[in-house]
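S.K.: just coords:
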């Protein structure tokens, strides 16, 4: 099925706090990944919220960084079927080091049947977060047995 574009949304939770404060470092990371020179604009919305928007020849990207929440919301739009937003999302996950990531991929301009238009959703949990979650479950079960 021929499609016109792909759009990915990416929610990254419990990101590395050392990576959230420096907008210039985030912009440099985006420039290193995008093949063509992106036009980037960054703005501090308030003390704990920054917005970075980049436009490049194959699409655009928008990031909202919430330092106090340790959360980053990303929208990636590619204008061609051949471009894969997953590559850019891998670099961003490596850069921000989140404990948990939720990504949704949409095929835009898909002129197929309506029933085929379904987003693909993936949830990734960092290995260390899985260990912490499993340990917490074991402790809570032991506490319940001890009562």
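M.R.: Great, that's in hand. Quick caveat, the model's predicted, so the values are computed rather than measured. Numbers count the residues shown, from 1 in each chain.
S.K.: Give me the buried positions along the longest helix seen in the chain.
M.R.: When the chain is parsed with DSSP state H, its longest helix is helix 127-146. The neighbour-count check on helix 127-146 (16 or more other Cβ atoms under 10 Å) flags nothing as buried. Any C-beta I mention is one placed from the backbone N, CA and C, and that applies to glycine too.
S.K.: what does stretch 70-85 give?
M.R.: By neighbour count on 16+ other Cβ under 10 Å, the buried set for stretch 70-85 is 70-72, 74, 76-79, 81, 83, 85.
S.K.: show me where the chain has strands.
M.R.: Assigned by DSSP state E, the strands in the chain fall at 5-13, 39-46, 49-56, 59-66, 71-78, 100-108, 120-125.
S.K.: and residue 30, how far is that from residue 64?
M.R.: Distance of residue 30 to residue 64, computed by Cβ to Cβ, to the nearest Å: 14 Å.
S.K.: Compare the two (neighbour count), which wins?
M.R.: Taking neighbours as other Cβ atoms under 10 Å, residue 30 and residue 64 compare with residue 30 leading, 20 against 15.
S.K.: which ones are touching that one?
M.R.: Counting by Cβ atoms under 8 Å, 6 or more residues apart in numbering, residue 30 touches 38, 40, 52, 54, 61.
S.K.: May I ask which two of these are separated the most?
M.R.: Across those, no pair lies farther apart than 38 and 52, at 10.2 Å, counting by Cβ to Cβ.
S.K.: Spell out which residues are contacts of both of the two.
M.R.: Both residue 38 and residue 52 are in contact with 30, 61, where contact means Cβ under 8 Å, 6+ apart.
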